[in-house]
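Trainee: Need the 3D shape of this:
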Amino acid sequence: MGEYASEAAKEFLTMLEAVAAVVPVPGFSIVVKLALNIIKACEERHATLERAQELKLRINTLVLTLVNELKGQKEGEIRAQMIHDIGMLQISLNNNKLARNIEQTNMLTKLEQQITTFHAQQQQTLIEVHAQQQQNTRTLNDMQLSIIDVKAMFAQGSPAQLTSPTRASIPANTNIFHGRDTLVADLVGVLAGGPRQHICLLGPGGMGKTSTSLTVMNHPNVETRFVEHLRVWVPCVKAPSTALLFDTLCTLLGISTKSGNPLSDILLVLRTSPPIVLVLDNFETPWSAAEGQSQVEQVIRDINQIPHVTLFVTIRSSSPPCEDLPWHRADLHAVDATAARNIYISWHPKGNEDPGLPSLLELIGHMPLAVMLMAKFAASNGLSAKDIAEEYKARGTAVMGQGLDAMTSMDVCIGMSLNSPRMTAHPEAFELLCAISMLPAGTSYQTLSKWWATDWIGGLGALKDTSLVEQNGSTIFVLPVIQRYILHDSRFSKQVGTSMIESACRFLEAHASDINDELYKSHSAAVSAEEGNLEAVLTTPDSRAIQNSFLLHIIWDGFLLLAHHQQKHSARVNIIERALHLARHVDDNILQGDLLFCYGQSLYRADRNSGRKQLEAALGHFSSASDRMKAAQCRLNLVYAMADDTFKRCREIIMDAQADCEAIGDEGLAARCLVDLGRLHFRFGKYPTALDLLMQAEPVLARVKDWEYHAECSRVSSWVHYNLMGQYDLAYACAASALEEFNRIGDAQGSSFLHNEIGRILSARGDFEGSLRSHLRCLEIWTSLGLPPLPDALQGMGLAWAKLGKVEDACQAFRKLLQQVASSDALSPSSNT
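Mentor: This next block holds a predicted model:
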């Protein structure tokens, strides 16, 4: 272009000016006129700096006119990106960039390109405006809770009760339940009336501890005392480790967003809950975990310190856990002869007239499960009670009695069922039983047939007919006493064990997806549903004995996929720690780096320093392997763990990551670097630079469809606008855009934070009723995740009430805030801003 503007550029802009009036983009004609004015200024050979300064002021006036025009429109009519563009232009003018660059020879070329880009983007904007308006209307309608509704919710009690967390219902008990009426009445009385007393139901396997506890929990008097979501059923058979016990408790208490310290999350929810009863069924599973009882014992003692939480424990033992606690102890023995007969004929009505039945029932010790198995055995094989008794005696190991004798008797009954004609006619049934016994959480028929036991599913009918497997709703499972028998080394099929490990890895690979993928939500839900089973299978001793190198790589991939899922959803580290232990002697930098990277990501929410240490170690492995993409990803995560470090050091880390991205040509990852640079500049109060970086990142993230970081880009932009000369309209537009994106990718925690931030913005704009609704929505989402209310949301509600003149309501909100702060160090969304 040289010293003067080219005639081509002038013609281009003149044509734009001719049609600008009919181009349906707010402010477009003003921008075109602005560009023409610049060209005219440059055409004056002797333009001085004073002239440039005068021109800057004139342009400022024009842009301010444009901004004022847009401010007059409804928020829903202005797309966040358009407002963002105008905000950046205004900031540039304020910083005198135009005056400094007016005489640069490439200035008009850049301007021409920017106007062309602006035109194309805003044309697309107009196409989207109508759809965006409709979406915004739906979003606002979802938030429309009246002030009366809000007051009514507060009147009901703690804000933690605004939305009851999603919790599993107490399972229905079988209709075949005999001989425990007196015990049930006693336990109902303990729970439904009088001071709190923990209950411990003890006895050997097969005595009906689970059935008895279910009958108690479904009794009308107990249902009256504890409404449904305050009667929490915890099947501890899913928890063969302390970590899995924590995860099971979190899941069943509805805690889906976690701080990284699961015990603190659990205790926090229980402390802020109304009176609640936890039924810890088959508690012997975590109580006898390999790492010992100390951690599990501490859980019980910590829960005991919460006066409104009642424990109801069933355990295969002769003594309760933590014997010094105030237990109401009930030792479960065999039922009497009449109850045993009723159980038998309920399963095998033709046995009612069998003269040998009393002798058989006495022989097997009147144990409810043994009675059921023998009834099914007789029904499926057409045998008399006398025939069954003779076969039982022929095995030569069973005697009537309790304790060890009862267990031996139970084993004989299970062995007879396994060798019944119904089972031997389906040889695949035993392999299927071994497979289901490896799944402590049980599974659905669809998952069992598609993933776990495709080759053996034909044996399911035989297993059901012999009662070796049970089905509750859609869940197929093996009772713990039978599971123990099957998994014994002398009986379990090692071939099934290896096949199940391969199946777990295939399942994880098939459900591995990025948060930006359309199937991410459904894949994550599928992995979460099978998580306990996947962990149990991958950590079975058989996985440690595998020497085949190809299979070992499949197992490592499975460990990593499950560990990444846990890092995103549960902040548990037991799988990744197990993997690191198994891989400690493996000479593979990429594998070691991947494991340490995942470990560091999992740790830094709860322990920033430990997380940083692991991420730095991972970076060393990636650098040694010359894997620049993984090194860049690791560096960006490392910056999160460096919150207390200097601006210079953090910037160096991000710039190193950006250099890696540019070297490998990964523009999406490079755009992530820009977002993190923008966040860093915001943290240190460098708002204009932060906004400039975010604006560079946004179109790239949209182009590569990285919606996770695109949402974060919008969110950080909202923070910047909020703090930059009080640009509340721009802040609101960016926050609303981020909220839509977090909803799209299913990030409930992100949505909750955005509602809180929108409430803060609306309060700054003077819309206190809108602020109140937004803070309430934040609380609703957060408590629906099973966590107590966020202090910032309570504070925002209190301030909104105060501004509305509702002093008593404001005081109530602040009292709740003080209680919350006193009971926890709950995460606050404003900690990021």
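
Trainee: Just give me the neighbour total for Pro349.
Mentor: In terms of burial, Pro349 registers 11 neighbours under the definition other C-beta atoms under 10 Å. The C-beta positions use only the backbone N, C-alpha and C, and glycine is treated the same way.

Trainee: just Gly678 next, same as before
Mentor: There are 29 residues near Gly678, going by other C-beta under 10 Å.

Trainee: my read: it touches Val716, true?
Mentor: Yes. Under the criterion of C-beta atoms under 8 Å, Gly678 makes contact with Val716 at 5.8 Å.

Trainee: quick one: common contacting residues for the two?
Mentor: When C-beta atoms under 8 Å, 6 or more residues apart in numbering defines a contact, the residues bordering Gly678 and Val716 alike are Ala690, Leu694.

Trainee: How confident was the prediction at the closest residue to Ile199 other than its chain neighbours?
Mentor: Using C-beta to C-beta, 6 or more residues apart in numbering and skipping residues adjacent in sequence, the residue nearest Ile199 is Phe312, 4.6 Å away. Note for Phe312: predicted pLDDT of 96.

Trainee: Phe312 pairs with what?
Mentor: Bridge pairing for Phe312 (DSSP bridges) gives the partners Ile199, Val279.

Trainee: How about residues contacting whichever strand or helix holds Val496?
Mentor: Here Val496 sits within helix 494-510, counting by DSSP states H and E. Helix 494-510 is contacted by residues 431, 434-435, 438, 451-452, 527, 530, 533-534, 537-538, 540, 542-543, 546, 551, 554-555, 557-558, 561-562, 565 when judged by C-beta under 8 Å, 6+ apart.

Trainee: Got a ChimeraX select line for the buried ones in the residues you listed?
Mentor: Selecting in ChimeraX just the buried members of those, where the criterion is 16 or more other C-beta atoms under 10 Å, is done with this command:
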select :431,434,435,438,451,452,527,530,533,534,537,538,540,542,543,546,554,555,557,558,561,562,565
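
Trainee: Among the contacts of helix 494-510, name the ones in helices.
Mentor: When the contacts of helix 494-510 are checked against helices (DSSP state H), the matches are 431, 434-435, 527, 530, 533-534, 537-538, 542-543, 551, 554-555, 557-558, 561-562, 565.

Trainee: need the contact list for Pro321.
Mentor: Taking C-beta under 8 Å, 6+ apart, we find Pro321 in contact with Cys200, Phe283, Trp287, Gln293, Val296, Glu297, Ile300, Val313, Ile315.

Trainee: let's go with 7 Å and repeat that
Mentor: Going by C-beta atoms under 7 Å, 6 or more residues apart in numbering, Pro321 touches Phe283, Trp287, Glu297, Ile300, Val313, Ile315.

Trainee: Over to Ala793?
Mentor: Taking C-beta under 7 Å, 6+ apart as the definition of contact, the neighbours of Ala793 are Asn756, His775, Cys778, Leu779.

Trainee: so which of those residues is the most crowded?
Mentor: Per-residue neighbour counts (other C-beta under 10 Å) across the contacts of Ala793 peak at His775, which has 30 neighbours.

Trainee: distance of that residue from Ala793?
Mentor: Using C-beta to C-beta, to the nearest Å, one obtains 5 Å as the distance from His775 to Ala793.

Trainee: and what of Pro195?
Mentor: The value you get for Pro195 to Ala793, if C-beta to C-beta is used, is 35 Å.

Trainee: got a list of contacts for stretch 682-700?
Mentor: Under the contact criterion C-beta under 7 Å, 6+ apart, stretch 682-700 has outside partners 84, 88, 91, 95, 647, 667-668, 671, 674-675, 677-678, 681, 710, 713, 716-717, 719-720, 723-724.

Trainee: For PyMOL, write the selection for the buried entries among those residues.
Mentor: To isolate in PyMOL the members of the contacts of stretch 682-700 that are buried, counting by 16+ other C-beta under 10 Å, one can use:
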select buried, resi 84+88+91+668+671+674+675+677+678+681+710+713+716+717+719+720+724
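
Trainee: Give the buried residues for the helix holding Val496.
Mentor: Neighbour counts over helix 494-510 (16+ other C-beta under 10 Å) mark Val496, Gly497, Thr498, Ser499, Met500, Ile501, Ser503, Ala504, Cys505, Phe507, Leu508 as buried.

Trainee: repeat for stretch 739-752
Mentor: By neighbour count, with 16+ other C-beta under 10 Å as the criterion, the buried positions of stretch 739-752 are Leu739, Glu740, Glu741, Phe742, Asn743, Ile745, Asp747, Gln749, Gly750, Ser751, Ser752.

Trainee: Roughly how far does the spatially most central residue of the chain sit from Arg608?
Mentor: When the chain is reduced to its mean C-alpha position, the closest residue under C-alpha atoms, centre = their mean turns out to be His569, at 3.4 Å. Counting by C-beta to C-beta, the gap between His569 and Arg608 amounts to 20 Å.

Trainee: Check Trp233 too.
Mentor: According to C-beta to C-beta, Trp233 and Arg608 sit 36 Å apart.

Trainee: pLDDT at Phe753, what is it?
Mentor: Model confidence at Phe753, expressed as pLDDT, equals 89.

Trainee: Using the three-state scheme, assign it.
Mentor: Using DSSP: H, G, I helix; E, B strand; the rest coil, the structure places Phe753 in helix.

Trainee: Pro326 versus that one, what's the distance?
Mentor: Phe753 is 41 Å from Pro326, where distance means C-beta to C-beta.

Trainee: The two: which has the busier surroundings?
Mentor: When neighbours are counted by other C-beta under 10 Å, Phe753 comes out ahead of the other of Phe753 and Pro326, with 29 against 9.

Trainee: which stretches of the stretch 351-500 of the chain aren't confidently modelled?
Mentor: Counting by pLDDT under 70, the ranges of the stretch 351-500 of the chain that qualify are 396-406.

Trainee: pLDDT score assigned to Ala793?
Mentor: Model confidence at Ala793, given as pLDDT, is 81.

Trainee: From Gln812, how far out is it?
Mentor: 14 Å.

Trainee: same deal with Pro307?
Mentor: With C-beta to C-beta as the criterion, Pro307 and Gln812 are 23 Å apart.

Trainee: Have a look at the two and say which one is more surrounded.
Mentor: Remark: of Pro307 and Gln812, Gln812 carries more neighbours, 19 against 10, as counted by other C-beta under 10 Å.

Trainee: is it true that that one lies in a helix?
Mentor: Yes. According to three-state DSSP, the state of Gln812 is that of a helix.

Trainee: that older thread, more neighbours: Trp233 and Arg608, which one.
Mentor: Per other C-beta under 10 Å, whichever of Trp233 and Arg608 has more neighbours is Trp233, with 20 against 16.

Trainee: so what's that one bridging to?
Mentor: Counting by DSSP bridges, Trp233 is bridged to Val279.

Trainee: Now do the same for Glu323: helix, strand or coil?
Mentor: Taking three-state DSSP as the rule, one finds Glu323 in the coil state.
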